[in-house]
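Participant: here is my input; please provide its structure:
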Amino acid sequence: MYLTTTCTMRQALERMEYNSYTAVPLIDEKGRYTGTITEGDLLWKFKNTPNLTMKDTEKVPIKEVPRRSDNQPVRIYAKIQDLLSLAMDQNFVPVIDDNGVFIGIVRRREILEHFSKLVLAQTTWSNKEGSPGGSMDGKGKSL
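Facilitator: Okay, here's the model as predicted:
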């Protein structure tokens, strides 16, 4: 899911609530990734705009909501290792092509699952009989 930069604050709130997302990519009219809108951004807009009602949010363009940070994107040919460092601070990593056109996202969970499988595979291999790090008896023989 993503939001376009032409949507309103109300539309953003409703779509994020419906999909249970706390942060969503923003895409311009040419399909380019322009940033990330978060629940926190929307809450701060409410707090800092006197007399703003839920009804009024229908008239507030999402472009007018200040954003505290944007999820840094990667190019389509990025390596999984590049994603891991970004996932430390972002709950998703946007993926763009060479023209900045939004392709999709890779969620932090998917990145962690990938590396978890690698670690488990390595652990399984090292515990096999006769492999380095495998279990040995008191005489140095594999168990």
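Participant: what residues sit buried inside the worst-scoring helix or strand of the chain on mean pLDDT?
Facilitator: Comparing helices and strands within the chain by mean pLDDT, DSSP states H and E singles out helix 108-126 as the least confident, with a mean of 77. Judged by neighbour count using 16 or more other Cβ atoms under 10 Å, the buried positions of helix 108-126 are R108, I111. Where C-beta positions appear, they are placed from N, C-alpha and C, glycine not excepted.
Participant: who does the residue nearest the centre of the chain form a beta bridge with?
Facilitator: Central residue of the chain (Cα atoms, centre = their mean): F92, 0.6 Å from the mean position. Beta-bridge pairing of F92 under DSSP bridges involves R107.
Participant: distance of it from T6?
Facilitator: Using Cβ to Cβ, to the nearest Å, one gets 22 Å for the distance from F92 to T6.
Participant: packing partners for the least confident helix or strand of the chain?
Facilitator: helix 80-87, strand 92-96 (3 or more Cβ pairs under 8 Å, 6 or more residues apart in numbering; DSSP states H and E).
Participant: can you rerun that using 6 Å?
Facilitator: helix 80-87 (3 or more Cβ pairs under 6 Å, 6 or more residues apart in numbering; DSSP states H and E).
Participant: contact partners of the helix it packs on?
Facilitator: Q72, V74, V93, V106, R108, I111 (Cβ atoms under 6 Å, 6 or more residues apart in numbering).
Participant: please apply the same query to stretch 64-76.
Facilitator: 9, 33, 35-36, 41, 45, 82, 86, 90, 93-97, 103.
Participant: buried ones in it?
Facilitator: V65, R67, D70, N71, P73, V74.
Participant: show me those that map onto strands.
Facilitator: With strands defined by DSSP state E, the entries of the buried residues of stretch 64-76 inside them are V74.
Participant: JSON lines please, covering the buried residues of stretch 64-76 and showing distance to A121 and pLDDT.
Facilitator: Formatted as JSON lines, the buried residues of stretch 64-76 follow (distance: Cβ to Cβ, whole Å; pLDDT from 0 to 100):
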{"residue": "V65", "distance to A121": "44", "pLDDT": "97"}
{"residue": "R67", "distance to A121": "39", "pLDDT": "95"}
{"residue": "D70", "distance to A121": "34", "pLDDT": "87"}
{"residue": "N71", "distance to A121": "29", "pLDDT": "92"}
{"residue": "P73", "distance to A121": "29", "pLDDT": "95"}
{"residue": "V74", "distance to A121": "24", "pLDDT": "94"}
